[in-house]
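Q: Here is my input, please return the structure:
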Amino acid sequence: MKVHFISIGGAVMHNMAIALKNKGYHVTGTDDEIFEPAKSRLAKQGLLPQTIGWNTNLITADLDAIILGMHARKDNPELVKAQEMGLKIYSFPEYMYEQTRSKKRVVVGGSHGKTTTTAMMLHVLKFYNRKFDYLVGSQLEGFDTMVGLNDESDIAVFEGDEYLTSPIDLRPKFHVYHTDIGIVTGIAWDHINVFPTFEGYVEQFAIFMRQIPATGKLICFDEDEHIRSITSKEKLAAEVKWYNAPEWKVANGLTSIKTNEGWVELNIFGKHNLQNMQAARLALNELGISDADFYKAIASFKGTARRLELVAKNEHSVVYRDFAHSPSKVTATVEAVKDQFPERKLVAVFELHTFSSLNKKFLSEYKGALDKADVRIVYFNPHTIEKKKMEMLTEDDIIENFGAGVIAYNSSAKLKADLQQMNWGNSNLLLMSSGNFDNTDMNVL
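A: All right, here's what the predicted structure looks like:
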C-alpha cells in the first residue's frame with residue numbers, strides 16, 4: 001500500500017505514519033512546519049520530508065490513499081490536486097476505521113479524562129499480552145507510538161476526540177469510528193470556536209451515543225446531568241452501564257481502593273482518575289478482562305505524560321504538570337492534588353492558552369475552578385492572544401471571572417521569578433497548561 005500524508009507533522013499524524021510504515025506500507029508526507037518531537041521521530045524512521053512545504057509532485061496516480069490532517073487548509077495545493085485526480089482521501093479518523101473495520105472498537109469520549117481512561121485500558125491489555133490496535137492522545141510509557149495497528153488483533157481502543165475530523169469533513173472525530181463499546185466520561189463545554197453554543201456541543205455526544213448499536217455497550221459517568229438527560233430523552237439502542245469512583249483512602253500520600261480482593265494500592269490519585277479507572281474496568285470486562293485481573297494490572301499504572309505528571313519532588317514538596325485547560329479539567333486537577341496532600345499548601349498556576357480559555361466571553365466558565373488551591377495564579381501571554389487575533393485580556397478580566405484571591409500574570413519572566421522566591425517548605429506546585437508557559441523548561445524551574 002502507498003499512502004501520502006498531507007500535514008504529516010501533527011501529533012497523531014506522524015504517529016500514524018510511523019505505525020503504517022511498521023506495517024510495511026510505503027509512506028510519504030509533507031508539511032509546512034514540523035516541530036519536535038515529531039521532527040526527530042520522523043527522521044529516525046526515514047519519513048521526514050526532504051523539504052518543508054507542500055509538494056504536488058508527490059500526488060501521483062499510484063497512491064492508494066491520501067491521509068489529510070486537520071491543520072491543512074481546504075485550498076492546500078496537494079489536496080486540490082488529489083481531488084482533481086479523484087484519489088481516495090481520508091481523514092485520520094476515517095483511515096483508523098478502515099484499518100479496524102473488522103474489529104471490535106472501544107471509543108472513549110468525553111470532555112475530560114479521555115486520554116487517561118484510554119491509557120489505563122492499553123496498560124491492562126498490554127499487561128496480559130493481548131494484541132490490539134489503538135489511538136491515544138499522549139505518549140505512554142512502554143509504547144513507541146501514539147497509534148498502533150496490528151493485523152493479528154481483533155480489538156481496537158481509540159481516544160475519541162469531539163473536535164473536527166478534517167478541513168473537508170466537519171464531523172467530530174468520534175462520530176467516524178462506528179463504535180461498538182462507547183464511554184462518555186462527562187460533558188463540559190469546550191471548543192467554542194467550533195461549537196458556539198453549549199446545546200450544540202452536547203448534541204455531538206448525543207449523536208455519538210445514538211450511534212452505538214444494540215449489540216454494543218454504552219458506559220457513562222453517573223453524576224453527569226447532561227449524560228443523564230440524554231439517556232432519559234433519547235431512545236438509545238445500546239445497554240447503558242453506569243460508573244463512579246470506588247471507595248478509596250489516602251495514607252502517607254498514597255491512594256488505595258477497596259475491591260472484592262481487598263485494598264489495592266495505586267500509583268495514581270484523585271477522584272477523577274478513580275472514576276476514569278472504573279470506566280476502563282467496565283469496558284475491559286466487555287473484552288474478557290475480569291475485575292480481579294483488572295485490579296492486578298492497574299496497580300502498576302503510573303499515568304500519562306502531562307496528566308498529573310510528576311516533574312520533581314523532595315521530602316517536603318512535589319511539582320506536578322497537567323494538560324488541564326477546560327474548566328472541568330482545571331477544577332478536577334486542583335482538587336486531586338489538594339485531596340492527596342491536604343496538609344500542604346498548594347500553589348496552582350494555570351495558563352490560558354486555548355481559543356476557548358482566551359475568549360473573554362468564556363472566562364466566566366472558570367469561576368471557582370482554582371478555589372481549592374491556597375495560592376491561585378492565572379497566566380496569559382499577550383503575544384499568544386495577538387497571534388490568535390483575539391480581543392486582548394487584562395488582569396482585571398482574570399480576577400473578575402476566576403474569583404477573588406486570584407493573582408494574574410502576563411509576563412512569564414515575572415511569574416518564574418516570583419515562584420522561585422516563594423518558600424516551598426510543606427508546599428506543592430501544580431502547573432496546568434495545554435501550552436508551555438512561554439517555552440518555560442519545567443525541569444529547570
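Q: Quick check: what element follows the biggest strand by length in the chain along the chain?
A: Ranked by residue count and defined by DSSP state E, the top strand of the chain is strand 345-352. Moving toward the C-terminus from strand 345-352, the next helix or strand (DSSP states H and E) is strand 375-380.
Q: Can you give me the buried ones in the helix or strand just after that following strand?
A: Reading on from strand 375-380 to the C-terminus, the next helix or strand found by DSSP H and E is helix 382-387. Neighbour counts over helix 382-387 (16 or more other Cβ atoms under 10 Å) mark 384-385 as buried. In this view, the C-beta of every residue, glycine as well, is placed from N, C-alpha and C.
Q: Spatially central residue for this structure, please.
A: The residue lying closest to the centre of the chain (Cα atoms, centre = their mean) is residue 115, at 4.4 Å.
Q: give me every residue that touches that residue.
A: Taking Cβ atoms under 8 Å, 6 or more residues apart in numbering as the criterion, residue 115 is in contact with 136-138, 159, 304, 307, 323.
Q: again, but for residue 32
A: Listed by Cβ under 8 Å, 6+ apart, the contact partners of residue 32 are 52-54.
Q: can I get the contacts of residue 115 in JSON lines with neighbour count and distance to residue 350?
A: Listed next are the contacts of residue 115 as JSON lines, based on neighbours: other Cβ atoms under 10 Å; distance: Cβ to Cβ, whole Å:
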{"residue": "136", "neighbour count": "26", "distance to residue 350": "24"}
{"residue": "137", "neighbour count": "21", "distance to residue 350": "20"}
{"residue": "138", "neighbour count": "20", "distance to residue 350": "19"}
{"residue": "159", "neighbour count": "26", "distance to residue 350": "23"}
{"residue": "304", "neighbour count": "23", "distance to residue 350": "19"}
{"residue": "307", "neighbour count": "22", "distance to residue 350": "15"}
{"residue": "323", "neighbour count": "21", "distance to residue 350": "12"}
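Q: Looking at those residues, which are in strands?
A: Here DSSP E is the test, and these give residue 159 as lying in strands.
Q: can you list the domains in this structure?
A: The chain breaks down by automatic domain parsing into domains covering 2-87, 95-298, 309-432.
Q: Quick one: distance of the longest one to the chain centre.
A: Domain 95-298 sits 11 Å away from the centroid of its parent chain (Cα atoms, centre = their mean, to the nearest Å).
Q: next one: stretch 37-48
A: With Cα atoms, centre = their mean, you get 22 Å for stretch 37-48.
Q: Need the distance between the two termini of that stretch.
A: Stretch 37-48 has an end-to-end distance of 12 Å (Cα to Cα, to the nearest Å).
Q: Quick one: list the elements packing against the longest strand of the chain.
A: For strand 345-352, the packing partners by 3 or more Cβ pairs under 8 Å, 6 or more residues apart in numbering; DSSP states H and E come out as helix 327-340, strand 375-380, helix 412-421, strand 427-432.
Q: need the ones you listed in TSV with mean neighbour count and distance to residue 401, can you?
A: Compiled in TSV, these are given as follows (neighbours: other Cβ atoms under 10 Å; distance: least, Cβ to Cβ, whole Å):
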stretch	mean neighbour count	distance to residue 401
helix 327-340	22	11
strand 375-380	23	9
helix 412-421	13	19
strand 427-432	24	16
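Q: In JSON lines, list the ones you listed along with mean pLDDT and distance to residue 1.
A: Shown next, in JSON lines, are the helices and strands packed on strand 345-352 (pLDDT from 0 to 100; distance: least, Cβ to Cβ, whole Å):
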{"stretch": "helix 327-340", "mean pLDDT": "91", "distance to residue 1": "38"}
{"stretch": "strand 375-380", "mean pLDDT": "96", "distance to residue 1": "45"}
{"stretch": "helix 412-421", "mean pLDDT": "93", "distance to residue 1": "46"}
{"stretch": "strand 427-432", "mean pLDDT": "96", "distance to residue 1": "41"}
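Q: Let me know which of these is the nearest to residue 226.
A: Nearest to residue 226 among these is helix 327-340 (11.2 Å), distances taken as Cβ to Cβ.
Q: residues making contact with the closest one?
A: 111-112, 186, 188-189, 250, 253, 255, 269-273, 308, 320, 322-324, 346, 348, 350, 365-366, 368-373, 428, 430, 432.
Q: coming back round to it: ok, the residue nearest to the centre of the chain to residue 280 distance?
A: 12 Å (Cβ to Cβ, to the nearest Å).
Q: cool, residue 257 as well?
A: 13 Å.
Q: More neighbours: these two, which one.
A: Applying other Cβ atoms under 10 Å to residue 257 and residue 280 shows that residue 280 carries more neighbours, namely 30 against 19.
Q: just how off-centre is stretch 328-346 within its chain?
A: Taking Cα atoms, centre = their mean, the mean C-alpha location of stretch 328-346 is offset from the chain mean by 20 Å.
Q: before we move on, the earlier item: narrow the contacts of residue 32 to those that are buried.
A: residue 54.
Q: Using CSV, please lay out the contacts of residue 32 together with distance to residue 94.
A: Listed next are these as CSV, based on distance: Cβ to Cβ, whole Å:
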residue, distance to residue 94
52, 26
53, 25
54, 21
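Q: out of the contacts of residue 32, which one sits closest to residue 378?
A: Set against residue 378, the nearest of the contacts of residue 32 by Cβ to Cβ is residue 52 (35.3 Å).
Q: Residue 283: neighbouring residues, count only.
A: By other Cβ under 10 Å, neighbour count at residue 283 equals 26.
Q: what is the mean pLDDT for the helix or strand containing it?
A: If you go by DSSP H and E, residue 283 is part of helix 271-285. Mean pLDDT, computed over helix 271-285, is 96.
Q: so how far is residue 110 from residue 38?
A: Residue 38 is 26 Å from residue 110, by Cβ to Cβ.
Q: More neighbours: the two, which one.
A: When residue 38 and residue 110 are compared for neighbours, residue 110 comes out ahead with 27 against 22, by other Cβ under 10 Å.
Q: ok, back up a step: report the buried residues of the helix holding residue 283.
A: Per 16+ other Cβ under 10 Å, helix 271-285 contains these buried residues: 272-285.
Q: Can you tell me which of the residues you listed is nearest residue 102?
A: Taking Cβ to Cβ as the measure, residue 102 sits nearest to residue 283 out of the buried residues of helix 271-285, at 19.4 Å.
Q: related to what we said a few turns ago, just put the domains of the chain in TSV and tack on distance to residue 438.
A: As requested, the domains of the chain are exported to TSV (distance: least, Cβ to Cβ, whole Å):
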stretch	distance to residue 438
domain 2-87	16
domain 95-298	22
domain 309-432	4
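Q: pLDDT averaged over the longest strand of the chain, what's the number?
A: Per-residue pLDDT over strand 345-352 has a mean of 96.
Q: how about that strand: buried residues?
A: Across strand 345-352, burial judged by 16+ other Cβ under 10 Å covers 345-352.
Q: One more: stretch 299-316?
A: Buried residues in stretch 299-316, defined by neighbour count with 16+ other Cβ under 10 Å: 301, 303-304, 306-309.
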